[in-house]
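>>> coords please:
(2 chains)
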Amino acid sequence: MSAILRAHAWSIGLAILFLALLGLAKVIQPSFGITGLESLARAALPFAFATAAMAVVVIVGGIDLSVASMMAVASVTAAVLMQTMPAVPAIVITLAAGALMGAINGGLIVVTRVPDIVATLAMLFVWEGVALLILNAPGGTAADWLENTIRGSFVIPGLPKALVLMTVCVAVVWVPLKRSKLGLSIYATGSHENAAFRSGVAVGKTRIAAYAVCGLFAAMGGLSLTMLTGIGEPVPGPYLMASVAAVVLGGVVLGGGIGGLLGPIIAVFILRIIRTILTLAAVDPNVTTIVEGTIMVAVVMLGALVMMRGRETV
Amino acid sequence: MKRFLTGAAALALSVTMAPAAFAQDGGYTIGVSNTVQGNGWREEMICAMRAQALSSGEVDRLIVAHRNTDAAGQLEDLRNLIEAGVDAIVLNPANPDALNSAIEDAIAADIVVVAVDQGVTAEGAYVVSNNQEEYAYLGASWLFEQMGGEGSVVYMRGAAGTSADNDRDAGFRRALEENPGVEVVHEVFTGWQQDQGKQQMFDFIATGIPFDGVWTSGIDNVIVDAFLESGAPLVPIVGADNAGFVAMLQDVEGLEGAAVTNPGSIGGAGVAVALNILNGNPPEETTVLVDPVLWQNTTDEGREQIANAQNPNLDPEWPVSVEIPGYTTYSMDEIIACEGPGE
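Next up is the predicted model:
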């Protein structure tokens, strides 16, 4: 029990912080309740998928600056396809396209040996252009039932459908992956590429696979945008920096090898509830981003301090 | 482990420092949602909203959600405003269709929704907007007439994929069809970014390809700068009524140009309409369109209009038409002060 607690100490700390912030929202706005939670979960959807995508490539020791652009491509692809075909095949095609985009990013990095940050910076522009080629202005459509899958609560009030959908989608990909040989290879490559290579890990293939998973999550993020808005938007949203922030706040080490998806996704909820609290408290909008950034730095710094002191006493 | 948990709890408490500003009872609470920050036009819109809310005397509290984000981010802001229990929401929508789910939730919660600048398709929402298609048509028609109905035009658009840009494109194309002698020699998106637009103009001047006029989607004064700095001969230029460009129309030797009004103060009109609805006086139509006006520096009448609109205290990137007659009640000083109720 204690071992499990220690392994997830960071995530547990974040969860406590999140609950405290929920309590604060309730104090500022006593009517904040079930609909508030549902709104929060819906707002968190695209950020959570973007963060999951980013976390996987950070764990393998890379970074993908094209996450938001791939989301835009997925969003417009789904919105255009759904004009002519039922939702299910459109979703399958979009997810496949996402994995393909990710694999192209990974392949480019492995084959050309250009650093991840440079290659994906270039691909950021490529995917952005692709999204505009598919749809040069916001448009397309989404099946009506899709919106209902993220609207309201699931079975019990206060358990948002959006949260259930997010959990299921991330778990279906991540849980089996993490337990598989590929998952082990991803962590091994991230912590020490040479050591992994000498231990027989196919480092190149592993990285391509990790980027493909990143693309798959990005496609889910793009789909969630289409589900939320009912249209496809070709201009990428603010998901790149937000996903890097949530990954770091969530306890994934930039450089690779350490961390999971649970922490970063809780971090997404923390960042969203902070936005809600700042709106409820009517804080000057020009100050809110400063507050958001300050809180992030404070949490990461204090957290590192607490972790260090904890380690000394163990 | 225990120490870690107490540490985490202390950490959690240390973050709970958001200021708790609560409104007194009495007047209305109005929420504002906008998705472009740091752009002169949008800043004027926000200031007009603040000034109008203060000037009306009926608003106790104005909650402004004003940041750079996409339609999904605006959905989040709108739902946060609904949670905050506002009486009305005035928004500049990122997209006409994408926000309907949150707008419908707001209307279901008896919140008055007024979209300004661009329309929304949700049933029950009011729209107070500048007529963007007419904006482009008016300016382009003047430009093509100035060019003698023939020649090449540089077409400097706004941000790709936005509805305002698409509406303006429709107006520009309509004027182009009526002037078959005019052809577009260069079409480019400035993204409504000053530095980007200026660089694009430099680049095109450097190619040496001849052209006879420039239509801009409101990134205008830097285009004139690009001509002056590169020493290229001036051609007729159409811009918006941004203070910097309007001053150039008056002062720059040899510049023939026209400013088409696109008041950011439409935000103030939106707040005024929202308050009218809350007080039981809704407008006759759910869509109120404000038509643009063109000020040219090639006629005496136009020059007089330009001279009257000047105010040295205005930010050069703000539109100079800071009031909308019949709607806004604040003074020029009040909008420049940019203060809302409770500030």
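>>> residue 187: how many residues sit nearby?
Chain wasn't specified; assuming chain A. Close neighbours of A:Y187, defined as other C-beta atoms under 10 Å in any protein chain shown, add up to 20. In this view, the C-beta of every residue, glycine as well, is placed from N, C-alpha and C.
>>> the chain in question should be chain B.
Counted with other C-beta under 10 Å, B:E187 comes out at 13.
>>> so what's it up against?
Applying C-beta atoms under 8 Å, 6 or more residues apart in numbering or on different chains, we find B:E187 in contact with B:Y155, B:R157.
>>> quick one: it is in a strand?
Yes: assessed with DSSP: H, G, I helix; E, B strand; the rest coil, B:E187 lies in a strand.
>>> what pairs with it across the strands?
B:Y155 (DSSP bridges).
>>> report pLDDT for it.
According to the prediction, B:E187 has pLDDT 96.
>>> distance check, it against B:G161.
15 Å (C-beta to C-beta, to the nearest Å).
>>> which parts of the stretch 1-150 of chain A sit against chain B?
Residues of the stretch 1-150 of chain A lying near chain B by C-beta under 8 Å from any C-beta of the partner chain: A:2, A:5-6, A:9, A:12-13, A:16-17, A:19-21, A:24, A:27-29, A:31-32, A:35-36, A:39, A:42-43, A:46, A:132, A:135-138, A:147.
>>> for residue 75, identify the helix or strand it belongs to.
Using chain A. helix A:67-81 (DSSP states H and E).
>>> switch to chain B, that's the one I care about
With DSSP H and E as the test, B:L75 turns up in helix B:71-83.
>>> which other helices and strands contact that helix?
For helix B:71-83, the elements it packs on are helix A:34-59, helix A:203-229, helix A:262-280, strand B:28-34, strand B:59-66, strand B:88-91, helix B:100-108, judged by 3 or more C-beta pairs under 8 Å, 6 or more residues apart in numbering or on different chains; DSSP states H and E.
>>> closest one to B:D203 among the ones you listed?
strand B:28-34 (31.4 Å; C-beta to C-beta).
>>> other residues contacting that closest one?
Here strand B:28-34 has contacts from B:23, B:42, B:45-46, B:49, B:53, B:58-67, B:74, B:77-78, B:81, B:84-92, B:267, B:271, B:274-275, B:278, using C-beta under 8 Å, 6+ apart.
>>> now swap in stretch B:274-283 and tell me
Residues outside stretch B:274-283 that contact it (C-beta under 8 Å, 6+ apart): B:28, B:30, B:56, B:58-59, B:87-90, B:112, B:114, B:126, B:273.
>>> and B:W295, that one's in a helix?
No: counting by three-state DSSP, B:W295 is not found in a helix; it is strand.
>>> now, of the residues of the stretch 1-150 of chain A next to chain B, which are buried?
Buried residues within these, counting neighbours by 16 or more other C-beta atoms under 10 Å in any protein chain shown: A:9, A:12-13, A:16-17, A:20-21, A:24, A:28-29, A:32, A:35-36, A:39, A:42-43, A:46, A:132, A:135, A:137-138, A:147.
>>> from those residues, which land in helices?
A:9, A:12-13, A:16-17, A:20-21, A:24, A:28, A:35-36, A:39, A:42-43, A:46, A:132, A:147 (DSSP state H).
>>> in space, what's closest to A:A52 - neighbours in sequence excluded?
A:F217 (4.5 Å; C-beta to C-beta, 6 or more residues apart in numbering or on different chains).
>>> if we can go back for a sec, can I get the helices and strands packed on helix B:71-83 in JSON lines with mean pLDDT and distance to B:T299?
Shown next, in JSON lines, are those (pLDDT from 0 to 100; distance: least, C-beta to C-beta, whole Å):
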{"stretch": "helix A:34-59", "mean pLDDT": "96", "distance to B:T299": "51"}
{"stretch": "helix A:203-229", "mean pLDDT": "97", "distance to B:T299": "46"}
{"stretch": "helix A:262-280", "mean pLDDT": "94", "distance to B:T299": "48"}
{"stretch": "strand B:28-34", "mean pLDDT": "96", "distance to B:T299": "36"}
{"stretch": "strand B:59-66", "mean pLDDT": "93", "distance to B:T299": "39"}
{"stretch": "strand B:88-91", "mean pLDDT": "97", "distance to B:T299": "37"}
{"stretch": "helix B:100-108", "mean pLDDT": "95", "distance to B:T299": "43"}
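>>> what about the helices in the stretch 51-200 of chain A?
Secondary structure of the stretch 51-200 of chain A (DSSP state H, counting those that start in this stretch): helices located at A:67-81, A:87-112, A:116-134, A:144-148, A:161-179, A:181-191, A:193-198.
>>> mean neighbour count, those helices: which tops it?
Mean neighbours per residue, mean count of other C-beta atoms under 10 Å in any protein chain shown, is largest over these for helix A:67-81, with a mean of 30.
>>> give me the phi and psi angles of the closest residue to A:L124 other than its chain neighbours.
Nearest residue to A:L124, sequence neighbours excluded (C-beta to C-beta, 6+ apart): A:S66, at 4.3 Å. Phi and psi for A:S66, reported as degrees, to the nearest 10, are phi -100, psi 10.
>>> and A:S66, how many neighbours does it have?
When neighbours are counted by other C-beta under 10 Å, A:S66 registers 30.
>>> contacts only, for it.
Per C-beta under 8 Å, 6+ apart, neighbours of A:S66: A:M101, A:N105, A:T120, A:L121, A:M123, A:L124, A:V126, A:W127.
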